[in-house]
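A.B. asks: Below are the sequence and a predicted model for it; my questions follow.
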Amino acid sequence: MKDKNLTPAHILLVEDNEGDILLTLEAFEESKFQTKVSIARNGKEALDFLFKRGDFTDAQKPDLILLDINIPIFSGHEVLSEIKQDDDLKKIPVIVLTTSSNQKDIDKAYSFHCNSYIQKPLEMEEFIKAVVQIEEFWLQLTTLSK
């Protein structure tokens with residue numbers, strides 16, 4: 001079974017770690033859902049992509065955002081805050097996927113209205129499993145706003 005709408009779900013991955021980018025892309029390739037993944041490697045790129053600025057004037061609005069907290073230029077918290085203050089973007093589910101287990105980071109992410117906070121597993125197999133579970137929940141079980 002592929003994506004229930006037969007249209008690939010568009011995911012914006014906001015991540016600066018190349019290893020995590022590759023693992024995430026691998027997990028999406030192995031899944032049973034059709035996905036299109038765009039990558040922003042820092043907070044500025046993420047905001048430019050979402051607000052269609054600079055090199056991203058033709059960017060497609062994502063259906064789901066996977067956001068690392070520890071990214072350069074603007075932190076994940078700053079990006080999340082901007083997303084959730086915008087009437088159009090705040091409808092997009094934002095899953096914080098980060099190595100931080102700091103309770104202040106968790107509390108701050110939820111105070112900015114993230115939809116879920118997931119600590120990245122350290123083991124490769126567990127990391128891929130986590131990404132697949134995110135995908136299954138958000139792209140199969142959940143109905144997203146269009």
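C.D. replies: Structure received. Numbering: from 1, shown residues only.

A.B. asks: Roughly how far does the most centrally placed residue in the chain sit from residue 57?
C.D. replies: Most central in the chain under Cα atoms, centre = their mean is residue 66, positioned 1.2 Å from the mean C-alpha point. Going from residue 66 to residue 57 by Cβ to Cβ, to the nearest Å gives 23 Å. For the C-beta atoms, the positions are set from N, CA and C on the backbone; glycine is no exception.

A.B. asks: Repeat that for residue 79.
C.D. replies: 19 Å.

A.B. asks: Assign residue 69 to helix, strand or coil.
C.D. replies: With DSSP: H, G, I helix; E, B strand; the rest coil as the basis, residue 69 sits in coil.

A.B. asks: circling back to that earlier point, can you spell out which helices and strands pack onto the helix or strand where the residue nearest to the centre of the chain lies?
C.D. replies: Assigned by DSSP states H and E, residue 66 belongs to strand 64-67. Applying 3 or more Cβ pairs under 8 Å, 6 or more residues apart in numbering; DSSP states H and E, one finds that strand 64-67 contacts strand 9-14, helix 76-85, strand 94-98.

A.B. asks: repeat that with 10 Å
C.D. replies: Strand 64-67 sits against strand 9-14, strand 35-40, helix 43-50, helix 76-85, strand 94-98, strand 116-119, helix 124-135, with contacts defined as 3 or more Cβ pairs under 10 Å, 6 or more residues apart in numbering; DSSP states H and E.

A.B. asks: Among these, which comes closest to residue 26?
C.D. replies: Nearest to residue 26 among the helices and strands packed on strand 64-67 is helix 124-135; the distance by Cβ to Cβ comes to 6.5 Å.

A.B. asks: and the residue nearest to the centre of the chain, what are its bridge partners?
C.D. replies: residue 13, residue 95 (DSSP bridges).

A.B. asks: Tell me if I'm right that it and residue 11 touch.
C.D. replies: Yes: Residue 66 is within contact range of residue 11, at 6.4 Å (criterion: Cβ atoms under 10 Å).

A.B. asks: which residues do these two both contact?
C.D. replies: Residues touching both residue 66 and residue 11 (Cβ atoms under 10 Å, 6 or more residues apart in numbering): 24, 37, 39, 95, 131, 134, 135, 138.

A.B. asks: Go through those and say which is closest to residue 115.
C.D. replies: Nearest to residue 115 among those is residue 95, at 6.1 Å by Cβ to Cβ.

A.B. asks: Kind regards, and thank you for your time.
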